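Peer 1: Using only what follows, build the 3D model:
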Amino acid sequence: MPYLIYFLIALAASFVFTPLVMRAAFKLKIIDVPGTHPKKIHEQPTALLGGVAVFLSFLSALLLYLYFGKPDLNVVPMKFFLGIIFGGLILVLGGAIDDKYNLPPKVLWLFPALASLVVIWSGIGVGIKFISNPFGTAISLDYIFLGLPLSAIFVWVWMMGMIFTTKLLDGLDGLCAGIALIGGLTMFALSLGEKINQPITASISIIFAGALLGYLFFAFNPASIFLGESGSTFLGFILGVLAIISGAKIATALLVMGIPILDVAWVIVKRLWYHRSPFSGDRQHLHFKLLDIGLTQRQAVLVLYAISAVFGGVAVFLQSMGKLVALVILTCLMVGLALTTVVLYKRQHPHIPDLFDKAK
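Peer 2: Below you'll find the model as predicted:
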């Protein structure tokens, strides 16, 4: 019952904050205008700053949980909560500034880097001594590298990877928020399991899910608000943190976010191959290719929702070796899905010599 209460609080807060933020975005002229870039496929000017609404909803419910829920701070110290709040605030403020002024890519990486450092400052994950190894002895992180604990370096790299995954995933109405919602629900289920049994991380996860579900009522196709830079980075930040404090369940997060991660990795490699910025925008992502072969936005989004939900659900019940097998299957599925889109696109557009010869 307490989980349901905080879920509903976050949901209600999102219903309140999202319309308010939409009005503020139009008043401040923080909107996304269609036709200014090939990846902008919406037809009407749309409010940005959706991430601000999600953050305010999440923060409101989290503060009420801290006050009334009285979580055991010996299990998850208050410094952890402060790291989540201030790290998220850095991303939301930095993203909102970018949504307004369109900052250059070389500046935008600073906000995720700083937010990830805040996570390390808070101590989240820095005490990790090892990572499970399905093939045998666990991989130790109890080393010092360049004067820093190896676990701290690992946490920073992990957080940056998750933040940029959701940032680059945000291309279709409701796609990023929906997959993050599935991730939050997966972490919630995992935290309730007998092996993990972490009521605090379960509460954080369900609050996150409630804030996202409320936002999705406004953001699913046809969207009336977009996450913007503030939201696309904030969602990856929270998922990254949840994966660490939920018993360091990195493999679970990889399964939920597997398709986006593999897609982002492929696109970044391709951009670097053609001497382009890895952060430049184009239509090379899988979700755009699904549109190119004839799927509607809703169909493409629901296909990717389904894949994330299946692998997220499977991850809740699998042990380390099982998760490794699932990751291999997911990788094969990603390759198969990518090849299928290439073949279908070539059949529909035979005049184009090679879909992946050159980025659009």
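
Peer 1: Please count neighbours and contacts with C-alpha atoms only from this point.
Peer 2: Noted.

Peer 1: Name the next helix or strand downstream of the host helix or strand of residue 167, please.
Peer 2: Using DSSP states H and E, residue 167 falls within helix 150-169. Using DSSP H and E, the helix or strand that follows helix 150-169 in sequence is helix 175-192.

Peer 1: What are the contacting residues of that following helix?
Peer 2: Here helix 175-192 makes contact (CA atoms under 8 Å, 6 or more residues apart in numbering) with 166, 169-170, 196-199, 201-203, 205-206, 208-209, 212-213, 216, 220, 227, 232, 235-236, 239, 242-243, 246, 253, 256-257, 301, 304-305, 308-309, 312-313, 316.

Peer 1: just to revisit the earlier point, next, the buried residues of the helix holding residue 167.
Peer 2: 150-153, 155-156, 158-169 (16 or more other CA atoms under 10 Å).

Peer 1: And stretch 261-275, by the same measure?
Peer 2: Neighbour-count burial for stretch 261-275 [16+ other CA under 10 Å]: 261-264, 267-268, 270-271.

Peer 1: Output the residues you listed as JSON lines; include the columns pLDDT and secondary structure.
Peer 2: As requested, these are exported to JSON lines (pLDDT from 0 to 100; DSSP: H, G, I helix; E, B strand; the rest coil):
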{"residue": "261", "pLDDT": "75", "secondary structure": "helix"}
{"residue": "262", "pLDDT": "73", "secondary structure": "helix"}
{"residue": "263", "pLDDT": "75", "secondary structure": "helix"}
{"residue": "264", "pLDDT": "73", "secondary structure": "helix"}
{"residue": "267", "pLDDT": "73", "secondary structure": "helix"}
{"residue": "268", "pLDDT": "73", "secondary structure": "helix"}
{"residue": "270", "pLDDT": "70", "secondary structure": "helix"}
{"residue": "271", "pLDDT": "68", "secondary structure": "helix"}
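
Peer 1: hey, where'd the strands end up in this protein?
Peer 2: Under the criterion DSSP state E, the chain contains strands at 31-32, 46-47, 130-131, 139-140, 144-145, 148-149.

Peer 1: Counting neighbours, what do you get for the residue lying closest to residue 31 once chain neighbours are set aside?
Peer 2: Excluding the flanking residues, the one nearest residue 31 by CA to CA, 6 or more residues apart in numbering is residue 47, at 4.4 Å. When neighbours are counted by other CA atoms under 10 Å, residue 47 registers 26.

Peer 1: Then residue 93?
Peer 2: 17.

Peer 1: related to what we said a few turns ago, does anything pack onto the helix holding residue 167? Which helices or strands?
Peer 2: helix 110-122, helix 175-192, helix 228-245, helix 258-273 (3 or more CA pairs under 8 Å, 6 or more residues apart in numbering; DSSP states H and E).

Peer 1: of the ones you listed, which approaches residue 68 most closely?
Peer 2: Counting by CA to CA, residue 68 lies closest to helix 175-192 out of the helices and strands packed on helix 150-169; the figure is 19.7 Å.

Peer 1: Let me see the contact set for the spatially most central residue of the chain.
Peer 2: What sits nearest the mean C-alpha location of the chain, by CA atoms, centre = their mean, is residue 236, with 3.2 Å. By CA under 8 Å, 6+ apart, residue 236 lies in contact with 159, 162-167, 180.

Peer 1: Only the buried residues of stretch 11-27, if you could.
Peer 2: Per 16+ other CA under 10 Å, stretch 11-27 contains these buried residues: 11-19, 21-22, 25.

Peer 1: and those residues, which of them are in helices?
Peer 2: Of the buried residues of stretch 11-27, the ones assigned to helices by DSSP state H are 11-19, 21-22, 25.

Peer 1: from those residues, which is closest to residue 62?
Peer 2: residue 13 (11.2 Å).

Peer 1: so what's that closest one closest to, chain neighbours aside?
Peer 2: Residue 13 sits nearest to residue 57 (CA to CA, 6+ apart), 5.0 Å away.

Peer 1: who are the neighbours in contact with that neighbour?
Peer 2: 10-11, 13-14, 17, 211 are the contacts of residue 57 under CA under 8 Å, 6+ apart.

Peer 1: Try it again at 7 Å.
Peer 2: When contacts are counted by CA atoms under 7 Å, 6 or more residues apart in numbering, residue 57 touches 10, 13-14, 17, 211.

Peer 1: what's the pLDDT at it?
Peer 2: If you check residue 57, the pLDDT there is 97.

Peer 1: picking up where we left off before, closest to residue 290 among the buried residues of stretch 261-275?
Peer 2: residue 263 (12.5 Å).

Peer 1: Quick check: the gap between the closest one and residue 333.
Peer 2: 12 Å (CA to CA, to the nearest Å).

Peer 1: for residue 63, same thing?
Peer 2: 40 Å.

Peer 1: do residue 33 as well
Peer 2: Taken as CA to CA, the span from residue 33 to residue 333 is 35 Å.

Peer 1: One more: residue 49?
Peer 2: Counting by CA to CA - residue 49 and residue 333 are separated by 34 Å.

Peer 1: ok, now residue 157?
Peer 2: Counting by CA to CA - residue 157 and residue 333 are separated by 26 Å.

Peer 1: how about low-confidence regions in the stretch 101-250 of the chain?
Peer 2: Confidence mapping of the stretch 101-250 of the chain against pLDDT under 70 gives the ranges 126-148, 246-249.

Peer 1: how about 90 then?
Peer 2: 102-108, 123-154, 164-165, 167-174, 186-187, 189-198, 221-223, 243-250 (pLDDT under 90).

Peer 1: Run a quick neighbour tally on residue 31.
Peer 2: So residue 31, with other CA under 10 Å, has 21 neighbours.

Peer 1: Which pLDDT value does the model give it?
Peer 2: Reading off the model, residue 31 has pLDDT 91.
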